[in-house]
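S.K.: sharing a model prediction with you, sequence too.
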Amino acid sequence: MAGPSRYHLLVIFLLQVTLNAFATPTLEGPANIKDCERQFTEKCGIEVGNGIFNNGFLSDDCCRDLVKLGKPCHDTFLNTSLAARHPSANKAQTLAKGEKIWTECVAIDNSDKHETKPVKECLEKFLPTCGEQIEKSIYQGTVVTDACCRDLVSWGKSCHDIITERNHDVRHPSVNKAQALASSGKVWNLCAAISRSPASFPLN
């Protein structure tokens, strides 16, 4: 299996070939290859690919970078990746997933203009890795590590609730909100119990 660097290089190569072949003067947005290469980092390229093809997590930062990249580059990335790396994937479902990710990223990018001070302050506390774990645990039932549980409890219940509400409204609006909040409460209770456990603290 190709490593992340080879995967990224393949995507950029395919982007260049496709954009050079089909770019037109009427294409809207920053879609020339130099703009795409500059804004489409390896880290975010991997996140977008995993988000589309493997139901992976796409961070807020990479969503913002994707929106800066522009819809034409996003669509080109999706189509070339589909043809070159996932030819057996269901095209209609994959394009729909790509569109869903784009819509969510636009919502996240737009939300930055309207975030309240408490939301911004709480977002600054949530480390990306732990934030991803907590969000996945709420919506997919995955496990949060003891270390991230301790971090979550140190950030406080109010921040946990604020970010849960924000992520639901921006990232998961189609999910039943009552169920998401109930799942969030379970994650908090579990992490609070873990943080109180002597076994969760490193030995001196």
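M.R.: Nice, thanks for sending it over.
S.K.: could you use CA atoms for every contact and neighbour count after this?
M.R.: Fine.
S.K.: burial measure for residue 98, as a count.
M.R.: The burial count assigned to residue 98 is 22, neighbours taken as other CA atoms under 10 Å.
S.K.: report the separation between it and residue 75.
M.R.: Shown here: residue 98 relative to residue 75, a distance of 8 Å by CA to CA, to the nearest Å.
S.K.: then residue 43?
M.R.: Separation of residue 43 from residue 75 (CA to CA): 18 Å.
S.K.: compare the two (neighbour count), which wins?
M.R.: A side-by-side neighbour count of residue 43 and residue 75, using other CA under 10 Å, places residue 75 first with 15 against 12.
S.K.: what sits against residue 187?
M.R.: 134, 137, 138 (CA atoms under 8 Å, 6 or more residues apart in numbering).
S.K.: so which bits of the host helix or strand of it are buried?
M.R.: Mapping residue 187 onto the secondary structure by DSSP states H and E places it in helix 177-196. Of the residues in helix 177-196, 180, 181, 183, 184, 185, 187, 188, 191, 192, 194, 195 count as buried by neighbour count, 16 or more other CA atoms under 10 Å.
S.K.: nearest spatial neighbour of residue 192, skipping sequence neighbours?
M.R.: residue 153 (6.2 Å; CA to CA, 6 or more residues apart in numbering).
S.K.: the one you found against residue 195, yeah?
M.R.: Yes. Counting by CA atoms under 8 Å, residue 195 is a contact partner of residue 153 at 7.2 Å.
S.K.: okay, how far is it across stretch 110-130, tip to tip?
M.R.: The first-to-last residue distance of stretch 110-130 comes to 23 Å (CA to CA).
S.K.: same question, stretch 142-160
M.R.: 17 Å.
S.K.: got a list of contacts for that stretch?
M.R.: Outside stretch 142-160, the residues that reach it (CA under 8 Å, 6+ apart) are 118-119, 122, 125-126, 130, 133-134, 136-137, 188, 191-192, 194-195, 200.
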